[in-house]
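Novice: Here's a sequence, model it:
(one chain, ligands or ions: 1)
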Amino acid sequence: VIVTTMITFWILSVIISLYLANWTLKPILAAYEKQKEFVENASHELRTPLAILQNRLELLFQKPTATIIDESENISESLSEVRNMRLLTSNLLNLARRDSGIKIEPEPTTATYFENIFNSYEMLTENAGKKFSGNLKLEGTVNLDQALIKQLLTILFDNALKYTDSEGEISVDVIKNGGFLTFAVADNGEGISDEDKKKIFDRFFRVDKARTRQKGGLGLGLSLAKQIVEAYNGKITVEDNKPKGTKFIVKIRVDSTISNPAKIFQKL
Ligand code: ADP
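Specialist: Residues are numbered from 1 along each chain as shown. Predicted coordinates:
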């Protein structure tokens, strides 16, 4: 009886330890898989512009007597690949830094901060021959990390600009309601299918790889936006805009008005 009990006990403990090992290893393995996929994607994204660049430089070498003017198209396209790579590497660095935790550094912020952002968006939209409208409802002061919030809004705004045609209309709403601040960035562009809506916040995801690459899209913007929103414990959602296009909505909690100037002084 003793031997049988010992064997049963031993078998049970093996089963339990196997189960526990699986339970603890699973998230580690999943994180490792994600990391691996990320590195593979990043390498692939860097390899493409490098291959194009190598090709173009080799072509230049084959024409030693050609002038810069003769090859201006070749050179300008090479430059655009270099810009792509620079953008990609700086986005990757941003993401890597963010992975170790975003630090929010709030500053007292008033409507003027958003008005300045709206002004620059209006200029950029008009330069692209499109229409912009901004809607701002914010009284008093809120505590915000200005650099992060600008980065977040600009990712959404840049996409709205990128994914609309010449008839593009873009609107940005910033509305404070109670303890919440809501941002809505809407466009009348090509829209996003319900299937793709589930994937657009994944790193390197682009609906149409070939076309978005032409537009300079790397598929990192929205994952960065999501990280910023999550650092704020907020929510980012995407829906269809009516009658056409896409609308991104961000909701974050904000501190109430700072009425004590001494606090601001302390921060300075
Ligand atoms: P990208 O740098 O490629 O724009 P993002 O992460 O910002 O990367 O966006 C991921 C993909 O989601 C884009 O490639 C595009 O296909 C789609 N997308 C994002 N914003 C919009 C939008 N406003 N309208 C249509 N498609 C969009």
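Novice: The ligand contacts on the chain?
Specialist: 159-160, 163, 187, 189-190, 192, 200, 205-207, 212, 217-223, 246 (C-beta under 6 Å from any ligand atom). Every C-beta, even on glycine, is put in place using the N, C-alpha and C of the backbone.
Novice: quick one: which of these sit in helices?
Specialist: Asn159, Ala160, Thr212, Gly221, Leu222, Ser223 (DSSP state H).
Novice: quick revisit: just the buried ones from the residues of the chain next to the ligand?
Specialist: 159-160, 163, 187, 189, 192, 200, 205-207, 212, 217-223, 246 (16 or more other C-beta atoms under 10 Å).
Novice: Let me know the secondary structure of the closest residue to the ligand within the stretch 1-150 of the chain.
Specialist: Nearest residue of the stretch 1-150 of the chain to the ligand, counting by C-beta to the nearest ligand atom: Asn91, 8.3 Å away. Using DSSP: H, G, I helix; E, B strand; the rest coil, the structure places Asn91 in helix.
Novice: burial measure for it, as a count.
Specialist: 19 (other C-beta atoms under 10 Å).
Novice: can you pull the contacts of it?
Specialist: Leu218, Leu220, Gly221, Leu224 (C-beta atoms under 8 Å, 6 or more residues apart in numbering).
Novice: Tell me the one of these nearest the ligand?
Specialist: Closest approach to the ligand among the contacts of Asn91 (C-beta to the nearest ligand atom): Gly221, at 2.7 Å.
Novice: give me phi/psi at Lys250?
Specialist: To be clear, residue 250 is Val; Lys isn't right here. Backbone geometry at Val250, expressed as degrees, to the nearest 10, gives phi -120, psi 130.
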